[in-house]
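In: here you go, sequence then predicted model.
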Amino acid sequence: MTLFVQVEKAEKVAIVTINNPPLNVMNTLVVQELNEVFSGFEYDDEVVAVIITGYGNKAFMAGADIKEFPQLIGKANLKPTFMESHAVLNRIDNFPKPTIAVLNGLTLGGGCELALTCDIRIAEEHAQLGLPEIKLGLFPGGGGTQRLPRLVGESKAKELMFTGDAITAQTAEKIGLVNSVVPTGEGLQTAKDLAKKISRHSLQALSRIKRAVDEGADLSLEKSIEREAELFEEVFQTEDIKEGVQAFIEKRRPTFSNR
């Protein structure tokens, strides 16, 4: 039973809603509950794609819970504590199924860093995104300094982090931080439609697309092509490739078992 993270499942899609009013900030319990939820989804045959959003329309997640920060000031040996949070964010980033973030309001600090761990980001038109940690004498410590440059480029990422200024959903789309912008109130339905479309396909293939892209990004082109070939070999050993090819020959829609 989770307190701040709500889950619903339907048609192979799970919706994770962070409900920590008024601005769905990321506190220690939210991190723990996200870890619990995604741990369960990993081997859940009823889940092929996952949507993450925030409750209400004010915020996806407005950042970390600053009230937890005073107890950290001046304290030594904090790296293990920080790495516990990184382990959860890394779990979501490396989650073997497609993930979609619906940014339905303020997406700041830790909220932006959480969104960066997802495969696809859909922003409602009133959303604002940013990493304002510099204004507190901090810098993004939830993976923002690493994931944001990989997505939007080093120069633009540094500008956003150096100034701490938020940007509009439209600007975020222009620089590649979000995939698309939709009218306020339509983000979740847009994500559901996309997730349902994705979840009709073989999870065996979907998971290998994700691994090929993510793992290949850290390799030379030569090594990444070799890794793709290894994953391609694996997918030819699955039941789903048999079904997909047979369905094509028989001119029907395939029914994948995700095996």
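Out: Right, received. Where do you want to start? Numbers count the residues shown, from 1 in each chain.
In: now for the residue nearest the centre of the chain: which residues touch it?
Out: Central residue of the chain (C-alpha atoms, centre = their mean): C118, 1.6 Å from the mean position. Residues near C118 by C-beta atoms under 8 Å, 6 or more residues apart in numbering: 52, 92, 99-101. (C-beta placed from N, C-alpha, C; glycine too.)
In: confidence score at it?
Out: Note on C118: pLDDT of 98.
In: any idea which element it lies in?
Out: Per DSSP states H and E, C118 falls between elements, in no helix or strand.
In: coming back round to it: return the member of the contacts of C118 nearest to S199.
Out: I100 (10.9 Å; C-beta to C-beta).
In: show me what whatever helix or strand I122 lives in is packed up against.
Out: Here I122 sits within strand 120-124, counting by DSSP H and E. Here strand 120-124 touches strand 99-103, helix 169-174, strand 180-182, helix 187-199, going by 3 or more C-beta pairs under 8 Å, 6 or more residues apart in numbering; DSSP states H and E.
In: which of the ones you listed sits most buried?
Out: strand 99-103 (a mean of 27; mean count of other C-beta atoms under 10 Å).
In: and the next helix or strand past that one?
Out: That would be, after strand 99-103 and using DSSP H and E, strand 106-108.
In: counting contacts, what elements does that following strand pack onto?
Out: strand 59-61, strand 128-130.
In: quick check: mean pLDDT of the first one?
Out: Mean per-residue pLDDT for strand 59-61: 98.
In: and stretch 86-104, by the same measure?
Out: For stretch 86-104, the mean confidence score works out to 98.
In: just the terminal-to-terminal distance for it.
Out: 24 Å (C-alpha to C-alpha, to the nearest Å).
In: R252: which of the helices and strands packed on strand 106-108 is closest?
Out: Closest among the helices and strands packed on strand 106-108, once you apply C-beta to C-beta, is strand 59-61, at 39.8 Å.
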